[in-house]
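Chemist: give me a model of this one.
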Amino acid sequence: MSDLYWLTGEQMDRLRPFFPKSHGRVRVDDCRVLSGIIFVNATGLRWRDAPREYGSYKTLYNRWKRWNDMGIFMRMMDGRSAAKAEPQTLMIDATYLKAHRTASSLPVKKGDPGRLIGRAKGGMNTKLHAVTDQNGRPLSFFMTAGQISNYTGAAALLESLPMAQWMLADRGYDADWFRDALEEKGIRPCIPGRKSCGKPIRYDKRKYKRRNRIEIMFGRLKDWRRVATRYERCPTIFFSAICLAATILFWL
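Modeler: Numbering: from 1, shown residues only. Below is the predicted model:
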């Protein structure tokens, strides 16, 4: 019992404003069910193997699926990060998340937009693009198939960038259009040039050293086994697991 995860009363008070209203029957204990959902996602268990202390595994899974469909877990991260972020300096990067065979084995049905799984380094992967604040806490995510370039994620995340002074990024984001787009938003880019670049790119090397915080953020996210390994075929359910992990690890 001591090895199980339980949300505290203070943590529940911070999350409760994002819960949907209960219509009709009173919901099964929110703290117990949400703690069970967190435990399953962090440990990588099958839902049917969830400890009995959390109640019926069917209740856990049904709540997980229903709240995912309602966008509750994404709203939790957006709401908590908006209240506590320190975005004077932003960082952007991407990482690969290994897709298990259960997520990529069946063919995509006609009309389905796809599972956002592609062949890249090490086999079938999903790529997670992220923007963090100066402390390495995630502000926004964008998910693509593994073979998609960093530029696609950068273009998708540009519109959601908060007001900031600096943007730190590695050589994978060395592009004139990206620097120009940042400067139009009043953000100074700190991005080294590629080694193959003909002319040297000036950047603040001292400030750039802080970029390791976004790498640490990815490492902590991957401590959750259902994030490090993608078991889910549905991309929105997998994205909810990422948002839930980010909320619990960085914003509570």
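Chemist: so what's the residue count around H23?
Modeler: Neighbours of H23 under the rule other CB atoms under 10 Å: 6. All C-beta spots, glycine's among them, are computed from the backbone N, C-alpha and C.
Chemist: just S160 next, same as before
Modeler: So S160, with other CB under 10 Å, has 12 neighbours.
Chemist: repeat that for N150.
Modeler: For N150, the neighbour count with other CB under 10 Å is 21.
Chemist: that one against A120, yeah?
Modeler: No - applying CB atoms under 8 Å as the test, N150 and A120 come out as separate, 11.9 Å apart.
Chemist: all strands for the stretch 1-150 of the chain, in order.
Modeler: 89-99, 118-120, 123-132, 138-145 (DSSP state E, counting those that start in this stretch).
Chemist: now the first one: average pLDDT?
Modeler: I take that to be strand 89-99. Averaging pLDDT along strand 89-99 gives 97.
Chemist: sheet partners, orientation included, of that strand?
Modeler: Partner strands for strand 89-99, per DSSP bridges, with pairing direction: strand 123-132 (antiparallel), strand 166-168 (parallel), strand 229-230 (parallel).
Chemist: quick one, it and strand 138-145 angle?
Modeler: On the basis of axes from the mean of the first three to the mean of the last three CA atoms, to 10 degrees, strand 89-99 is oriented at 40 degrees to strand 138-145.
Chemist: contacts only, for G186.
Modeler: Going by CB atoms under 8 Å, 6 or more residues apart in numbering, G186 touches M163.
Chemist: can you tell me the SS state at M217?
Modeler: Look at M217: counting by DSSP: H, G, I helix; E, B strand; the rest coil, its state is helix.
Chemist: from what I see, it and I242 are in contact.
Modeler: No - using CB under 8 Å, M217 is not in contact with I242, being 11.4 Å away.
Chemist: how far away is T8 from I148?
Modeler: As for T8, its distance to I148 is 39 Å (criterion: CB to CB, to the nearest Å).
Chemist: pick out whichever of these two has more residues nearby.
Modeler: I148 (19 against 11).
Chemist: number of residues surrounding the closest residue to that one other than its chain neighbours?
Modeler: With CB to CB, 6 or more residues apart in numbering as the criterion, I148 has its nearest non-adjacent residue at 5.8 Å, and that residue is K127. Applying other CB under 10 Å, we find 24 residues neighbouring K127.
Chemist: now do the contacts for K127.
Modeler: Shown in contact with K127 (CB under 8 Å, 6+ apart): 94-97, 118, 120, 143-148, 153.
Chemist: going by distance to L60, which of those residues wins?
Modeler: For the contacts of K127, the closest approach to L60 (CB to CB) belongs to L97, at 22.6 Å.
Chemist: residues near the closest one, how many?
Modeler: L97 has 20 neighbouring residues, counting by other CB under 10 Å.
Chemist: before we move on, what about E86?
Modeler: When neighbours are counted by other CB under 10 Å, E86 registers 10.
Chemist: wait, it sits on L139?
Modeler: No - with contact defined as CB under 8 Å, E86 does not reach L139; the gap is 10.1 Å.
Chemist: intersection of neighbour lists for the two?
Modeler: Here E86 and L139 share the contacting residues D133, scored by CB under 8 Å, 6+ apart.
Chemist: using PDB, list the CA coordinates for the helix or strand of the chain with the lowest mean pLDDT.
Modeler: The helix or strand of the chain with the poorest confidence is helix 101-104; it has a mean of 85 (mean pLDDT, DSSP states H and E). Extracted C-alpha coordinates of helix 101-104, given in PDB (Å, rounded to 0.1, in the frame of the first residue of the first chain):
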ATOM      1  CA  ARG A 101       3.800  -3.100 -31.500                       C
ATOM      2  CA  THR A 102       0.300  -2.900 -30.000                       C
ATOM      3  CA  ALA A 103       0.100   0.700 -31.100                       C
ATOM      4  CA  SER A 104       1.400   0.300 -34.600                       C
END
